[in-house]
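**Q** coordinates only, sequence not included:
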């Protein structure tokens, strides 16, 4: 299936299309006789399946945060159909806990609605990067943003979800979209801050028609030799640093020697 939908006029100007996104969901509605900890509620007690309320996203290089929302009947099918046209254009999809939460949610709801989904996307999960490369007191989006001085999430309560789900309250829905958009803004800020310290999923230099020695972060050709490392197998690897953004990356000695040929 060929998708021709173009969500932004500026997207074609960017060689590597990075998509930042976040979703908000509602819980199942069910019947149960007793509440408390360690209680078993069989899935047969579900009388309405959980759904996605809204999806907020932005493209790298754009200022605007876009949003998609379920319809007036709280049906998320059309929203998901539209989002798949967007995510399928991305070279890299970035989220916080998105590999474990957001993407599986989107896939499951698409499966429910018989909406085609690519089998794989190139994803970068900032939560995984935070756990693997750093030692924050907490790896939540809100904590990392605060720790780095980037801002904080909007305040919400469980009552907001109740008003949206049970009362179909438009004011609460509008606030939920605003809340989700703020998460996307924080997500991009965190990614930008972490990016020089983590490995890339997409080589921006080569994606823009450059070489392996070009900076994988910004695509700059202005790189310099940082150091040379030798593996246990005796293979030489050259570490380069970008003069423009400061990003480090490693290439083989042969690639480095041939970079100006």
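**A** Arrived safely, thanks for sending. Keep in mind that this is a model prediction, so the values were computed, not measured.

**Q** residue 67 contacts residue 52, correct?
**A** No: applying C-beta atoms under 8 Å, one finds residue 67 not in contact with residue 52, separated by 11.9 Å. All C-beta atoms are positioned from the backbone trio N, CA, C, and that covers glycine.

**Q** what sits against residue 113?
**A** By C-beta atoms under 8 Å, 6 or more residues apart in numbering, the contact set of residue 113 is 76, 77, 80, 81.

**Q** could you do residue 175 as well?
**A** Residue 175 touches 154, 156, 160, counting by C-beta under 8 Å, 6+ apart.

**Q** mind putting the residues you listed in TSV, neighbour count and pLDDT included?
**A** Below are those laid out as TSV (neighbours: other C-beta atoms under 10 Å; pLDDT from 0 to 100):
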residue	neighbour count	pLDDT
154	15	92
156	13	92
160	17	96
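
**Q** residue 67 and residue 52: which has the busier surroundings?
**A** Applying other C-beta atoms under 10 Å to residue 67 and residue 52 shows that residue 52 carries more neighbours, namely 22 against 19.

**Q** pull the contacting residues for the more buried one.
**A** By C-beta under 8 Å, 6+ apart, residue 52 lies in contact with 23, 24, 25, 70, 76, 79, 80, 105, 106, 109.

**Q** same thing with residue 156?
**A** 175, 176, 179.

**Q** how near is the first one to residue 200?
**A** It stands for residue 175. Taking C-beta to C-beta, to the nearest Å as the measure, residue 175 falls 35 Å from residue 200.

**Q** per-residue confidence for residue 152?
**A** pLDDT for residue 152: 96.

**Q** then residue 207?
**A** 59.

**Q** the one 3 residues further on now?
**A** Per-residue confidence for residue 210 comes out at a pLDDT of 71.

**Q** could you check how far it is from residue 216?
**A** For residue 210, the distance to residue 216 (C-beta to C-beta) stands at 10 Å.

**Q** higher neighbour count, these two?
**A** residue 216 (27 against 17).

**Q** in this structure the more buried one contacts residue 249, no?
**A** Yes: using C-beta under 8 Å, residue 216 is in contact with residue 249, at 5.0 Å.

**Q** shared neighbours, those two?
**A** Listed as contacting both residue 216 and residue 249 by C-beta under 8 Å, 6+ apart are residue 200.

**Q** pLDDT below threshold where in the stretch 1-150 of the chain?
**A** Where the stretch 1-150 of the chain drops to pLDDT under 70, the residues are 1-14.

**Q** how about the helices in it?
**A** Shown for the stretch 1-150 of the chain, the helices assigned by DSSP state H, counting those that start in this stretch span residues 77-87, 103-113, 126-133, 141-147.

**Q** can you pull the buried residues of the shortest one?
**A** For helix 141-147, burial by neighbour count (16 or more other C-beta atoms under 10 Å) applies to 141, 144, 145.

**Q** can you redo the residues you listed as JSON lines with distance to residue 194?
**A** Below are the buried residues of helix 141-147 laid out as JSON lines (distance: C-beta to C-beta, whole Å):
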{"residue": "141", "distance to residue 194": "12"}
{"residue": "144", "distance to residue 194": "8"}
{"residue": "145", "distance to residue 194": "11"}
